[in-house]
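In: Output the structure for:
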Amino acid sequence: MSDLNMVMMYTTVGSAEDAHELAKKVVESKLAACINIMSPHTAMFLESGALKINTEVGLLIKIPEDHYAFAYEAIKAWHPYQIPAMLSWPAEANKAYSVWAYQQTKAMM
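Out: Okay, the predicted model is just below:
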């Protein structure tokens, strides 16, 4: 556990039920230490030239960097959207949190 870097992933799903189902799979599989399910928010995008406005639920997924590649593939496979937005970036965390996060996912190591 020499490198305790974290990765944050943001994705959205169509309902609170989908968010809870995906989050439960990810956390119980020890792919992420914690997931924040965020209140519904509005997504606005073009589809076939027409403006679409949907309500979605966001998930902020906290993944130890060492597990990111595997977690990404699993989340993509379990995601209810055919083309999910899965945005990720490196994150600095305090050491105590990083140690805790790695302990929560240690079965992956």
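In: Distance check, V57 against N5.
Out: Here V57 is placed at a distance of 27 Å from N5 (Cβ to Cβ, to the nearest Å). C-beta here means a position set from N, CA and C on the backbone, and glycine is covered the same way.
In: higher neighbour count, those two?
Out: Neighbour count, other Cβ atoms under 10 Å: between V57 and N5, V57 has more, with 21 against 13.
In: Just list the residues touching A43, thanks.
Out: 12, 52-56 (Cβ atoms under 8 Å, 6 or more residues apart in numbering).
In: at 6 Å what do you get?
Out: 54, 56 (Cβ atoms under 6 Å, 6 or more residues apart in numbering).
In: Quick check: closest non-adjacent residue to N5.
Out: E65 (4.0 Å; Cβ to Cβ, 6 or more residues apart in numbering).
In: for A23, same thing?
Out: A23 sits nearest to I35 (Cβ to Cβ, 6+ apart), 4.2 Å away.
In: tell me, what residue is most central in this structure?
Out: Centroid check for the chain by Cα atoms, centre = their mean gives I61 as the closest residue, at 3.3 Å.
In: Could you pull up phi and psi at that one?
Out: Main-chain dihedrals, I61, degrees, to the nearest 10: phi -110, psi 130.
In: Against A74, how distant is the nearest residue to it once chain neighbours are set aside?
Out: Once flanking residues are discounted, I61 sits nearest to M9: 4.2 Å by Cβ to Cβ, 6+ apart. For M9, the distance to A74 equals 11 Å [Cβ to Cβ].
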